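[1] When you get a sec, could you give me coordinates for this:
(one chain, ligands or ions: 1)
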Amino acid sequence: MKITLLVIGKTDAGYFIDAVSEYQKRLEHYIPFEIQVIPDIKNTKSLTADQQKEKEGELILRSLQAGDYLVLLDDKGKEYTSMQFAAYIEKKTHTVAKRLVFLIGGPYGFARSVYDKANEKLTLSRMTFSHQMVRLIFVEQLYRAMTILNNEPYHHE
Ligand SMILES: C[S@@+](CC[C@H](N)C(=O)[O-])C[C@H]1O[C@@H](n2cnc3c(N)ncnc32)[C@H](O)[C@@H]1O
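    Below you'll find the model as predicted:
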């Protein structure tokens, strides 16, 4: 199994790039992991929120591959503790043969077509974060999960 974090738009802020890269580098040691970036939609000012979501949705669906297991990161999804998330990842390594794809939405969330395609929704908190923050929180939680699964002293209950 390979884990993919699918995101919309490049990260501009250097401090986010550095922090995300740090966890991405640490993850190399544990599991095949990639961040796949879908280019930003141009001229969003002339679009309504729904039109932007639809356009992003088309690009997202085109970025998916046959056999992907799609999990939306969504503030109205299932909530886990870090221990439960580690167990969830472990279980997925036995059931997902190809890519386990975690998807972060754009500024207005996901189009209906993307919700329809999803296998699950996962929430990181009941609070809403910026899409850049979510990238960082997700890679840190995935790293935390890998250290839990390998009995390493990073996570403390
Ligand atoms: C700024 S948020 C979009 C908020 C938008 N109002 C919505 O309804 O989804 C951008 C993306 O970050 C992710 N996100 C934000 N907060 C999250 C949370 N607490 N848990 C999981 N994902 C979150 C989601 O993928 C969301 O589509």
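[2] Quick check: the nearest residue to residue 23 once chain neighbours are set aside vs residue 91, distance?
    Once flanking residues are discounted, residue 23 sits nearest to residue 139: 3.8 Å by CB to CB, 6 or more residues apart in numbering. To be clear about C-beta, it is placed using only N, CA and C from the backbone, and glycine gets the same treatment. Separation of residue 139 from residue 91 (CB to CB, to the nearest Å) stands at 20 Å.
[3] neighbour-wise, which of those two wins?
    Shown here are residue 139 and residue 91; by other CB atoms under 10 Å, residue 139 has more neighbours (22 against 10).
[4] So is the biggest helix by length in the chain next to the ligand?
    Secondary structure of the chain per DSSP state H: the longest helix is helix 131-149. Yes: counting by CB under 6 Å from any ligand atom, the ligand is contacted by helix 131-149 at 131, 134.
[5] Up against the ligand, what does this protein have?
    The chain has residues 73-75, 104-105, 107-109, 123-125, 127-131, 134 near the ligand, with proximity defined as CB under 6 Å from any ligand atom.
[6] again, 5 Å this time
    By CB under 5 Å from any ligand atom, the part of the chain that sits against the ligand consists of 73, 75, 104-105, 109, 123-125, 128-129, 131, 134.
[7] Three-state assignment for residue 93, please.
    Put simply, residue 93 is helix when judged by DSSP: H, G, I helix; E, B strand; the rest coil.
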